[in-house]
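1. give the three-dimensional model of this entry:
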Amino acid sequence: MDIVERLYKNFEILSSAKDKAKEIRKQAIKDLPQLCRENRTFLPKIADVLAQLLQSDDTTEIKEVHSSLTVLFKIDAKGTLYGLFSQIQSDEAEDNVIRERTIKYLAAKVKTFDKEVMNKEAEEILWTEVKKSLKDVSGEEFVQFLDILSGTQTGRTVSGHQQVLQLVQEQLDPADQLDLTDSESADKLLLCIRQAIRYVSRQTRPTQLVGYLVDAVVPRLEQLSADAQLELLKPLAEMSQYCGELEETAARCDKLYAALTDRMPLPPPVTEENGAVGDPPSLEFSHIECLMFTLHQLARRVPSWLTDDADRLKEFRLRLQYLARGTQAYIKSLREALKDADLKSEENKLRAVALKTTSNINTMIKDLFHTPPSYKSTVSLSWKPQAGSATAQQHQKVTAESPTAKPGDKRRVPITFGGQDSANKNKDGRRMYQPPSGKYSERAGGYREQGGGQRGGQRGGRGRFRGGNRY
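-> Here you go, the predicted structure:
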């Protein structure tokens, strides 16, 4: 403020900006942009000063600062961006209210500006400055920066989505260094994947992310809780259907196969007493659906992968046959339970999801039983709304209006079917549907989409989240 006063000594209102009288201070804030209408030389500095004033505890004063910043944007968006990012990237602004409120202002306002305000040059500056800022961010800031970029003209294009996916990829730890037993690393990974899935489509190929998840996460699934496994496996399944040309596809199929067969037991031996077999094991149908779908998508690119190893194919079919028995028995019991039932009840909604999950598995089993294995069936993932349905339209509306949950929002709990430890895993006390048999599956159902972006992760170095409140 002192610099501006020296440059504009005749602007009497500024000499009172230091006055403790709130109304005078607010008027000074309101009039600051007028200094730039004829001479924009010092506009970045004025934007910098206004950003510093965001630390005020007076909500009406903050509103005046927002209004003045918006006026500056309309005068010169480029200069305003330089001024604001000088505060965001300042070492002095680290972990303080100025940085946080400046980012929140940009997240709220950039998407409201038209092409005349945020022209091509201004957008290029914004993207460049955001990329610089992403070198050291918290989890919440990471989500906000992606929202800022998605609100630009570029951010709404295929090219913009591809750039965002690349930014997400750069935040991830190298595959050979990922430690999922470290809660901060696991939380950061979950947050990044939740953000990435928003931008994936047939035009925006998530090839690099699919390869990363198969290499870094699938072999380490047991390091995660069952809930966290589903939060990663379901986006992986979604992304796999849009994956481009993937290197080392056969080797990656091996990793998926290993994780899948860990959840597909061989038929138990017949007991000697009466020729009967023991009780069937619990089957993680949700996990199986995700892994089998992803394998189904990737293996179709290398049809010889499964047939080249006769012993593996023989064992796989034994596992598939045993899985098919459990799946078909469960499907039958679910259909009987849903017959003439109230489909709007919570219990029957869970049954319907379970039926879709097991039906998908059954469809893929039939494909894999072909000689040679076939990959022609089209499967709609069980947690995705049916195209054209009211649920799908509502899902699209919610996704468009609120792509991320707010900090503090409760995360969805995956639906659980059976399993002796399901009560322990369901910490928030939601009632879980227990299937009639109670033996074929531990979990089947939805996963937490686009969770809140509270601050989290580690600080320091390129692509690392700064410390803060963990989500």
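2. got the buried residues for the longest helix that the chain contains?
-> Secondary structure of the chain per DSSP state H: the longest helix is helix 310-338. Going by neighbour count (16 or more other CB atoms under 10 Å), the buried part of helix 310-338 is 313, 316-317, 319-320, 322-324, 326-327, 329-331, 333-334, 337. Where C-beta positions appear, they are placed from N, C-alpha and C, glycine not excepted.
3. buried residues in the following helix or strand past it?
-> Scanning forward in sequence from helix 310-338 by DSSP states H and E, the next helix or strand is helix 346-369. The neighbour-count check on helix 346-369 (16+ other CB under 10 Å) flags 348, 350-361, 364-365, 367-368 as buried.
4. quick one: low-confidence parts of the protein?
-> Along the chain, segments meeting pLDDT under 70 span 1-21, 93-95, 270-281, 386-471.
5. measure the most centrally placed residue in it to residue 71 for me?
-> For the chain, the residue nearest the mean C-alpha position is residue 194 (0.7 Å; CA atoms, centre = their mean). In this view, residue 194 and residue 71 are 36 Å apart by CB to CB, to the nearest Å.
6. surely residue 209 and residue 238 touch.
-> No - under the criterion of CB atoms under 8 Å, residue 209 makes no contact with residue 238, lying 10.8 Å away.
7. the more surrounded of those two?
-> Neighbours per residue, other CB atoms under 10 Å: of residue 209 and residue 238, the larger number sits with residue 209, 23 against 19.
8. let me know the secondary structure of the more buried one.
-> Put simply, residue 209 is helix when judged by DSSP: H, G, I helix; E, B strand; the rest coil.
9. could we number from 806 for the rest of this?
-> With the count now opening at 806, the last piece we talked about shows up as residue 1014.
10. who's in contact with it?
-> 970, 973, 974, 998, 1001, 1044 (CB atoms under 8 Å, 6 or more residues apart in numbering).
11. ok, the closest residue to the fifth one other than its chain neighbours to residue 1049 distance?
-> In this structure, residue 1001 finds its nearest non-sequential neighbour in residue 973, 4.5 Å apart by CB to CB, 6 or more residues apart in numbering. Shown here: residue 973 relative to residue 1049, a distance of 16 Å by CB to CB.
12. repeat that for residue 837.
-> Remark: distance between residue 837 and residue 1049 (CB to CB) = 50 Å.
13. residue 1089 too?
-> Distance from residue 1089 to residue 1049, by CB to CB: 29 Å.
14. have a look at these two and say which one is more surrounded.
-> Neighbours were counted for residue 1089 and for residue 1049 using other CB under 10 Å; residue 1089 has more, 24 against 10.
15. residues making contact with stretch 873-888?
-> Contacts for stretch 873-888 (CB under 8 Å, 6+ apart): 834-835, 837-838, 841-842, 845, 848-853, 855-856, 889, 910, 914, 918, 922-924, 926-927, 930-931, 934.
16. quick check: ChimeraX command selecting the buried ones in the residues you listed.
-> Burial among the contacts of stretch 873-888 is assessed by 16+ other CB under 10 Å; the matching ChimeraX selection reads:
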select :834,837,838,841,845,848,849,850,851,852,853,855,856,889,910,914,918,922,923,927,930,931,934
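17. show me the contacts of stretch 873-888 that map onto helices.
-> Per DSSP H, these map to helices at 834-835, 848-853, 855-856, 889, 910, 914, 926-927, 930-931, 934.
18. quick one, domains of this protein?
-> Split into domains by the TED database, the chain comes to 806-937, 1053-1072+1088-1186.
19. select, out of these, the one closest to residue 1033.
-> Checking the domains of the chain against residue 1033 by CB to CB gives domain 1053-1072+1088-1186 as the closest, at 11.6 Å.
20. pull the distance from the closest one to the chain's centre.
-> 25 Å (CA atoms, centre = their mean, to the nearest Å).
21. quick one: end-to-end length of that domain, please.
-> The first residue of domain 1053-1072+1088-1186 is 25 Å away from its last residue (CA to CA, to the nearest Å).
22. and stretch 1172-1184, by the same measure?
-> For stretch 1172-1184, the end-to-end distance is 11 Å (CA to CA).
23. for it, which outside residues touch it?
-> 1098, 1101-1102, 1104-1105, 1108, 1111-1112, 1118, 1121-1122, 1125-1126, 1165, 1168-1169, 1171.
24. now do the buried residues in it.
-> Quick answer for stretch 1172-1184 (16+ other CB under 10 Å): 1172, 1173, 1178, 1180, 1184.
25. could you measure from the second one over to residue 1089?
-> If I follow you right, that is residue 1173. Counting by CB to CB - residue 1173 and residue 1089 are separated by 18 Å.
26. how about the fourth one?
-> For residue 1180, the distance to residue 1089 (CB to CB) stands at 23 Å.
27. and the residue nearest to residue 1001, what helix or strand is that in?
-> Per DSSP H and E: helix 963-976 holds residue 973.
28. what's that helix packed up against?
-> helix 944-955, helix 988-1001, helix 1012-1017 (3 or more CB pairs under 8 Å, 6 or more residues apart in numbering; DSSP states H and E).
29. and the angle for it with helix 944-955?
-> Relative orientation of helix 963-976 and helix 944-955, computed by axes from the mean of the first three to the mean of the last three CA atoms, to 10 degrees: 160 degrees.
30. now do helix 963-976 and helix 988-1001, the angle between them.
-> Going by the same axes, to 10 degrees, helix 963-976 makes 170 degrees with helix 988-1001.
31. list the contacts of helix 963-976.
-> Contacts of helix 963-976 (CB under 8 Å, 6+ apart): 932, 936, 939, 947, 951, 954-955, 957, 959-960, 993, 997-998, 1000-1001, 1004-1006, 1008-1011, 1013-1014, 1017, 1267-1270.
32. just the buried ones among the residues you listed, please.
-> By neighbour count, with 16+ other CB under 10 Å, the contacts of helix 963-976 hold 932, 939, 947, 951, 954-955, 957, 959-960, 993, 997-998, 1000-1001, 1004-1005, 1009-1011, 1013-1014, 1017, 1268-1270 as buried.
33. helix or strand for the nearest residue to residue 991 once chain neighbours are set aside, which one?
-> Closest residue to residue 991 apart from its sequence neighbours, by CB to CB, 6+ apart: residue 985 at 5.0 Å. Here residue 985 sits in a region with no helix or strand, counting by DSSP H and E.
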